[in-house]
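Colleague: coords please:
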Amino acid sequence: MKQAVFFKSLLLLLLVTGFFVSTKSIRAANPIITIRNDGVVQKDGQAFYPFGFYHVSDVKNRYGAGMVEDVKKMGEAGFNILQLVITGPDAEKSTQEARAEAQKYGMTIIASYYKPSLDKWTQVFKDELTLIGWNVLDDFNVPYSNPRINPDQAKQEADVVRNSAKANGATQIIYGSGGGYPFKSGQSAKYLFGEYHEAMDIMGTQTYPIGNNDESFANAPLEENFAYLKYAREQAPANKAVFANLQAFAWGGERYPNPVETRNMTWAAVVTRLEGILAYSYWEESGDLSTKTELWTEWKKLRQDINGELVEAILNGEYTYQDTTPGVFGKPRLHVATFVHGDKAFIIVLNTNSQSDLETKNQIKLPSGFDMSTFKPLFANDDRYGQSLVVEKVGNDNYMSGVVAKSGVQVFTLEKSSNVVNATPSVTPSATPSTTPAPACRADFNQDGKVNLADYTILVSELLAGSANNNQKVSDLNDDGQVNIVDYTLFVVEFKNQCGQ
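Modeller: Prediction:
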């Protein structure tokens with residue numbers, strides 16, 4: 001018996017020793033990015049909601065310390081993605097500190113590059129811990145060139161980058177940005193947004209209506225924004241991620257969107273269930289967004305608002321959209337999205353009419369199976385959001401009733417009855433909760449708050465046992481029913497990142 005225990009201990013020691021040697025020898029690499037069948041982006045096996053900006057300091061060759069400072073501002077505000085031009089003067093060196101700053105805040109980068117030096121950049125950035133993709137296509141279907149390139153040409157351009165990245169061991173995720181433009185006169189019906197889907201893994205859709213209103217939406221820029229986003233999501237296949245390129249700049253001679261418009265346009269991306277937000281632009285010829293104090297403050301607040309449990313529901317919940325004026329085109333109205341996740345529902349009501357308040361009665365149906373006494377505003381203490389809607393029962397169904405202010409956004413929650421019976425919650429939230437909660441450590445198998453040797457021991461025992469079969473094992477990190485090298489790799493990522501420590 002003692003001899004058997006000795007050999008088991010020796011085997012475990014060898015495995016542990018091998019583990020720590022292997023983690024040191026594993027080279028740095030780009031994060032593993034995959035797209036779920038429903039379009040949700042996954043980073044290193046975990047669902048991920050990108051929220052950030054184009055152009056950090058790279059406009060007008062503003063590199064060096066200025067770029068580092070801007071990345072820091074974005075990181076402190078909780079934004080988790082930026083589009084970075086990496087091919088400025090001495091780019092590898094001049095962006096190195098900025099990339100290190102991005103890594104410090106857990107931010108990710110979509111990189112733009114200089115095409116003649118493509119192989120150099122895919123080689124240099126193959127080990128970049130923040131790099132999740134390459135920005136290959138811009139304005140790919142703009143109507144004024146009708147279009148710039150056709151879908152086959154777009155795919156050829158993307159494949160050049162994809163093949164170079166593959167040859168050099170870098171991420172092969174391709175990003176491109178085009179316009180919704182489904183309604184502008186002169187747009188070729190032959191090459192609409194969705195026709196380009198084979199070129200890209202992530203499709204960005206541009207919507208910049210303030211100061212450049214589409215003639216089909218006279219005096220209704222917020223409805224235009226909503227329609228463009230909804231159109232793009234419907235055009236793209238379900239397994240393609242679509243990011244909202246929302247307006248955060250001013251057209252030449254025009255004004256910036258104001259905070260109310262910015263809030264409405266941002267929540268429209270949630271209501272239309274786009275998979276991320278990459279606003280254009282933090283730094284643009286019209287100026288530095290962080291110097292527009294009121295607007296920058298609103299963007300930072302929005303990042304805090306669209307976070308936590310809500311984002312979990314957006315990523316993993318059951319989604320329902322309600323149009324209060326179905327079949328009507330171009331007319332501002334109330335748009336409603338419901339996300340049900342576990343025992344909680346989030347209901348978002350958006351008024352795209354910037355001229356007047358809108359009333360709803362027996363139009364917005366609430367989900368069944370929830371305790372209506374738990375109906376409450378998500379942002380009860382924030383006067384940026386309205387909370388005028390109430391529950392009204394009609395027959396066996398429950399509806400929202402009341403008035404939504406012009407350009408207004410209202411967000412409510414509901415809980416299932418079983419979730420409110422216990423008067424003493426198992427976890428009492430902090431009086432001042434963090435606006436950017438720490439990500440859960442999936443590899444913390446024993447739930448002690450950190451990923452360490454104890455968790456590795458559990459992984460080894462289940463790895464030796466093999467398939468999870470019908471008895472789910474905690475170390476099956478990618479939920480494929482197997483405990484294998486994939487789970488080992490995901491464990492190493494969290495261990496190296498010192499998750500929870």
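Colleague: Which stretches in the stretch 1-150 of the chain count as helices?
Modeller: Taking DSSP state H, counting those that start in this stretch, the helices of the stretch 1-150 of the chain run over residues 2-25, 65-76, 91-94, 96-104, 118-124.
Colleague: Ok, the stretch 151-300 of the chain next?
Modeller: For the stretch 151-300 of the chain, the helices defined by DSSP H, counting those that start in this stretch cover 151-168, 221-235, 259-271, 293-305.
Colleague: Summarise which helices and strands the longest one is packed against.
Modeller: For helix 151-168, the elements it packs on are helix 118-124, strand 131-138, strand 174-179, judged by 3 or more Cβ pairs under 8 Å, 6 or more residues apart in numbering; DSSP states H and E. For the C-beta atoms, the positions are set from N, CA and C on the backbone; glycine is no exception.
Colleague: Make a markdown table out of these and add distance to A337.
Modeller: Converted to a markdown table, the helices and strands packed on helix 151-168 look like this (distance: least, Cβ to Cβ, whole Å):
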| stretch | distance to A337 |
| --- | --- |
| helix 118-124 | 38 |
| strand 131-138 | 26 |
| strand 174-179 | 23 |
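Colleague: Now render those as TSV, adding mean pLDDT and mean neighbour count.
Modeller: Formatted as TSV, those follow (pLDDT from 0 to 100; neighbours: other Cβ atoms under 10 Å):
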stretch	mean pLDDT	mean neighbour count
helix 118-124	89	19
strand 131-138	95	24
strand 174-179	93	25
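Colleague: was I right about G204 contacting G178?
Modeller: Yes: counting by Cβ atoms under 8 Å, G178 is a contact partner of G204 at 7.2 Å.
Colleague: ok so, going back, go through the helices of the stretch 151-300 of the chain and name the closest to A454.
Modeller: With Cβ to Cβ as the criterion, A454 lies closest to helix 293-305 of the helices of the stretch 151-300 of the chain, at 34.1 Å.
Colleague: Could you check the next helix or strand after that closest one and say which residues are buried?
Modeller: Heading C-terminal from helix 293-305, the first helix or strand you meet, by DSSP states H and E, is helix 308-316. For helix 308-316, the neighbour count (16 or more other Cβ atoms under 10 Å) marks 310-315 as buried.
Colleague: Between the residues you listed, which sits nearest S388?
Modeller: Nearest to S388 among the buried residues of helix 308-316 is L310, at 20.3 Å by Cβ to Cβ.
Colleague: Off-centre distance for stretch 248-256?
Modeller: Centroid separation between stretch 248-256 and its chain, computed with Cα atoms, centre = their mean, to the nearest Å, is 25 Å.
Colleague: Next, the distance between the ends of that stretch.
Modeller: Using Cα to Cα, to the nearest Å, one end of stretch 248-256 lies 7 Å from the other.
Colleague: thinking again about what came up before, for F370, state which of the buried residues of helix 308-316 is nearest.
Modeller: Distances from F370 to the buried residues of helix 308-316, taken as Cβ to Cβ, are shortest for A313 (13.4 Å).
Colleague: got a list of what that closest one touches?
Modeller: Counting by Cβ atoms under 8 Å, 6 or more residues apart in numbering, A313 touches 339-341, 344, 346.
Colleague: Out of the residues you listed, which end up buried?
Modeller: The buried subset of the contacts of A313 - by 16+ other Cβ under 10 Å - is 339-341, 344, 346.
Colleague: can you redo the residues you listed as JSON lines with secondary structure, distance to A241 and pLDDT?
Modeller: Output for the buried ones among the contacts of A313, formatted as JSON lines (DSSP: H, G, I helix; E, B strand; the rest coil; distance: Cβ to Cβ, whole Å; pLDDT from 0 to 100):
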{"residue": "F339", "secondary structure": "strand", "distance to A241": "17", "pLDDT": "98"}
{"residue": "V340", "secondary structure": "strand", "distance to A241": "22", "pLDDT": "98"}
{"residue": "H341", "secondary structure": "strand", "distance to A241": "19", "pLDDT": "97"}
{"residue": "K344", "secondary structure": "strand", "distance to A241": "24", "pLDDT": "97"}
{"residue": "F346", "secondary structure": "strand", "distance to A241": "21", "pLDDT": "98"}
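Colleague: Do you know the pLDDT at F51?
Modeller: Listed pLDDT for F51 reads 98.
Colleague: Over to D288?
Modeller: 86.
Colleague: And for K496?
Modeller: 65.
Colleague: what does V242 give?
Modeller: 98.
Colleague: Verify the stated contact: it with A232.
Modeller: Yes: at 5.5 Å, V242 and A232 qualify as touching, with contact defined as Cβ under 8 Å.
Colleague: Can you check which residues contact both of those two?
Modeller: With Cβ under 8 Å, 6+ apart, V242 and A232 have common neighbours 203, 205, 274.
Colleague: Now do the same contact list for the last one.
Modeller: Shown in contact with L274 (Cβ under 8 Å, 6+ apart): 205, 229, 232-233, 242-244.
Colleague: How is the chain divided into domains?
Modeller: The chain breaks down into these domains under automatic domain parsing: 33-306, 318-417, 439-501.
Colleague: Pick the most buried one from those domains.
Modeller: Counting by mean count of other Cβ atoms under 10 Å, domain 33-306 has the highest mean neighbour count of the domains of the chain, with a mean of 20.
Colleague: pLDDT weak spots in the stretch 1-150 of the chain?
Modeller: In the predicted model of the stretch 1-150 of the chain, residues 1-28, 57-65, 87-94, 143-147 satisfy pLDDT under 70.
Colleague: coming back round to it: possible to save the contacts of L274 as a markdown table with distance to D214?
Modeller: A markdown table is the format used below for the contacts of L274 (distance: Cβ to Cβ, whole Å):
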| residue | distance to D214 |
| --- | --- |
| T205 | 14 |
| L229 | 13 |
| A232 | 14 |
| R233 | 18 |
| V242 | 19 |
| F243 | 20 |
| A244 | 16 |
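Colleague: any idea of the pLDDT on S368?
Modeller: What the model reports for S368 is a pLDDT of 94.
Colleague: got the contact list for the nearest residue to it once chain neighbours are set aside?
Modeller: The shortest distance from S368 to any non-neighbouring residue, by Cβ to Cβ, 6 or more residues apart in numbering, is to D397 (7.6 Å). Shown in contact with D397 (Cβ under 8 Å, 6+ apart): 365-366, 368.
Colleague: I347 now?
Modeller: If you count contacts by Cβ under 8 Å, 6+ apart, then I347 has 336-338, 364, 366, 400, 411-414 around it.
Colleague: Is it possible to get TSV of the residues you listed that adds secondary structure and distance to F329?
Modeller: Formatted as TSV, those follow (DSSP: H, G, I helix; E, B strand; the rest coil; distance: Cβ to Cβ, whole Å):
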residue	secondary structure	distance to F329
V336	strand	18
A337	strand	19
T338	strand	23
I364	strand	21
L366	coil	27
M400	strand	24
V411	strand	26
F412	strand	28
T413	strand	32
L414	strand	31
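Colleague: just the residues you listed now: which is nearest L459?
Modeller: Of all these, T413 has the smallest distance to L459: 36.5 Å, by Cβ to Cβ.
Colleague: Name the helix or strand for D455, please.
Modeller: Assigned by DSSP H and E, D455 belongs to helix 453-465.
Colleague: I appreciate the help and will end here.
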